[in-house]
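[1] predicted model, plus sequence, below.
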Amino acid sequence: MANVRTLDPNASPLHFYGWELRRRREAAGLRQGQLGEIIFCTGSLIGQIETSKKVPTRDFSERLDAALGTDGVFSRLVGLVLRSQLPTWFQAYADMEAKATYISTYQAQLVYGLLQTEEYARAVLVTGMPDGLEGLLAARMERQRILERAQPPLAWAILDEAVLHRPIGGREVMRKQLARLLEYTGHRWMRIQVLPFSAGEHTSLDGTFNLLRFESDPDLIYTEDLISGHMTASPETIREAARRYAHLQAAALSVEDSAALITRVMEERYGDRSEPEERGVA
């Protein structure tokens, strides 16, 4: 185990968080086990976070602030820590996503990250066999906080019908995931449409893309390949993406009919059944 005294608080947000936690804990005259008892966790977990072996969660950070009287210091730090857990190539997109006033996305394979349940996200992320699964999962859940703001971005998601049928994580995980999508029916800031199989060929058969718009910055298009993501503000690319998205919206079911299809798939494909649960792959 790393010696916490040698941690460089300038090395990373995670190192700084651990260094600051130890400093504040000792200033309060508390041992790791004592602090753990106060915030309902083990002293071992406190030690692992102080030595950057574990990634703190937002709930942990909020309990720290309450216990140590730190006026939201750790609740603010944890956002930086969790953002740093994202793949390096994805961090720039996450920064722009958090600043966007309008997000439109077409997803051909998976539910959009901002709409994923924790169980669904875990099943997706584990397929990449990452070393830091818990950190990646916490970071994905942290991204979703932009939808909880007083004035979140206006968001529009078009999901290929295949997304509803692919049993990521198994039946119960999918049932909860589709129920999460239905929570946005009639939502003020979020609209979800399903592109049905019956639409046949369409303008984005070659893949998923996201379009971000901002108050004063240029629009951005984001796409991914096997190993990385790509952003561009090219006017020609933006125009082409906007054209494709308009065609996708026209070919997709209405918001109301999309909700009805999601409900039907949820009940018929992922409803309670007595046979063993089938497992899916991403």
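    Cool, got the structure.

[2] now the residue lying closest to residue 234 once chain neighbours are set aside: which helix or strand?
    Taking CB to CB, 6 or more residues apart in numbering as the measure, residue 234 lies nearest to residue 221, with 7.7 Å between them; neighbours along the chain are not counted. C-beta: built from backbone N, CA, C; applies to glycine. Element membership of residue 221 [criterion: DSSP states H and E] is strand 220-224.

[3] next, the buried residues of that strand.
    Of the residues in strand 220-224, those with enough neighbours to count as buried (16 or more other CB atoms under 10 Å) are 220-223.

[4] of these, closest to residue 112?
    Comparing those against residue 112 with CB to CB picks out residue 222 as the nearest, at 11.6 Å.

[5] surely the closest one touches residue 92?
    No: proximity of residue 222 to residue 92 does not meet the contact threshold set by CB atoms under 8 Å, at 9.5 Å.

[6] what sits in contact with each of those two?
    Overlap between the neighbourhoods of residue 222 and residue 92 consists of residue 231, taking contacts as CB atoms under 8 Å, 6 or more residues apart in numbering.

[7] just the helices in the chain please.
    Under the criterion DSSP state H, the chain carries helices at the ranges 13-27, 32-38, 43-50, 58-68, 73-84, 88-99, 118-126, 133-143, 161-165, 171-182, 235-251, 255-270.

[8] what's the closest of those to residue 196?
    Of all the helices of the chain, helix 161-165 sits nearest to residue 196, with 5.0 Å by CB to CB.

[9] tell me which other helices or strands the closest one touches.
    strand 190-195, helix 255-270 (3 or more CB pairs under 8 Å, 6 or more residues apart in numbering; DSSP states H and E).

[10] recalculate using a threshold of 10 Å.
    For helix 161-165, the packing partners by 3 or more CB pairs under 10 Å, 6 or more residues apart in numbering; DSSP states H and E come out as helix 171-182, strand 190-195, helix 255-270.

[11] the last one vs helix 171-182, what angle?
    With axes from the mean of the first three to the mean of the last three CA atoms, to 10 degrees as the basis, helix 255-270 and helix 171-182 are set at 170 degrees to each other.

[12] ok, residue 39 touching residue 49?
    No: between residue 39 and residue 49 there is no contact, the gap being 11.1 Å when judged by CB atoms under 10 Å.

[13] neighbour count: those two, which is higher?
    More neighbours sit around residue 49 than around the other of residue 39 and residue 49, counting by other CB atoms under 10 Å; the figures are 24 against 18.

[14] find the nearest non-adjacent residue to the more buried one, please.
    For residue 49, the closest residue by CB to CB, 6+ apart turns out to be residue 56, at 5.2 Å.

[15] what do residue 39 and residue 49 both touch?
    Shared contacts of residue 39 and residue 49 (CB atoms under 10 Å, 6 or more residues apart in numbering): 60-61, 64.

[16] state the distance from the closest residue to residue 244 other than its chain neighbours to residue 29.
    If the residues on either side of it in the chain are set aside, residue 244 comes closest to residue 203, at 4.2 Å by CB to CB, 6+ apart. In this structure, residue 203 lies at 64 Å from residue 29, with CB to CB, to the nearest Å as the measure.

[17] alright, I will stop here.
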